[in-house]
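Q: what follows is a predicted structure for the sequence shown.
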Amino acid sequence: MLSSSSSKCRAGLRLAPTTLEQRVELLTRFLLLLLAMLSGWGLFFLPGTIPIHYSLSGSIHPDLTGSKWILALFFLLALTLYGLLSLLSRWLYALYHPFMTAAQRAEQRYQLGRLLLAGLKLCLSALLAYLSWMFIQGAISGLNGWIFIGFLCLAVLPLLLVILYLIQIQRLR
């Protein structure tokens, strides 16, 4: 349902989150909690310097090490991205509004945009949690080559979400 807000600088479209959006948001928050626990565990139990560069076979390059505080950086980065994408999700209609041509499709485009942003939050949180786990695992016992396949899949997933979004937007035209 379309409605305008009292602010002149932005238009408002107040739609309740869909069930899928709520589930994705819940899963994202779970991943953020997992990332916080991984970072906390790593900061307490890992040595001060950990390997941060690996070959595709999982072998460690001994000259490329870094501080264990990179785990805290991953957590802070995940929180920052989550906050920025959540803020963008709240102002999404204001960005869409000048380009809307058909009011009957405004709700569908807005919901697709919100779902895309929720999916991006999930993918980025999963990627950073996986990287943290990978660094912890590498510092403890080393890695095998299969771990990088998971990393590559998670790294490509946001691009696939954007492509799916663009396909759905083309269908709405």
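A: Perfect, thanks for sending it.
Q: show me what the strand or helix carrying residue 155 is packed up against.
A: Element membership of residue 155 [criterion: DSSP states H and E] is helix 146-172. If you count contacts as 3 or more C-beta pairs under 8 Å, 6 or more residues apart in numbering; DSSP states H and E, helix 146-172 packs onto helix 106-140. Every residue, glycine included, has its C-beta placed from N, CA and C.
Q: quick check: mean pLDDT across the helix it packs on?
A: Computed over helix 106-140, the mean pLDDT rounds to 88.
Q: try stretch 78-90
A: If you average the pLDDT over stretch 78-90, you get 92.
Q: in that stretch, which residues are buried?
A: Going by neighbour count (16 or more other C-beta atoms under 10 Å), the buried part of stretch 78-90 is 78, 81, 82, 85, 89.
Q: re earlier: if you average the pLDDT over the helix holding residue 155, what comes out?
A: Across helix 146-172, pLDDT averages out at 87.
Q: wait, which of the buried residues of stretch 78-90 is closest to residue 151?
A: residue 78 (15.5 Å; C-beta to C-beta).
Q: what about that closest one, which SS state?
A: Under DSSP: H, G, I helix; E, B strand; the rest coil, residue 78 falls in the helix class.
Q: residue contacts, it?
A: By C-beta atoms under 8 Å, 6 or more residues apart in numbering, the contact list for residue 78 reads 31, 32, 35, 124, 125, 128, 129.
Q: skip the chain neighbours and tell me the closest residue to the first one.
A: In other words, residue 31. Spatial nearest neighbour of residue 31, excluding adjacent residues (C-beta to C-beta, 6 or more residues apart in numbering): residue 125 at 4.2 Å.
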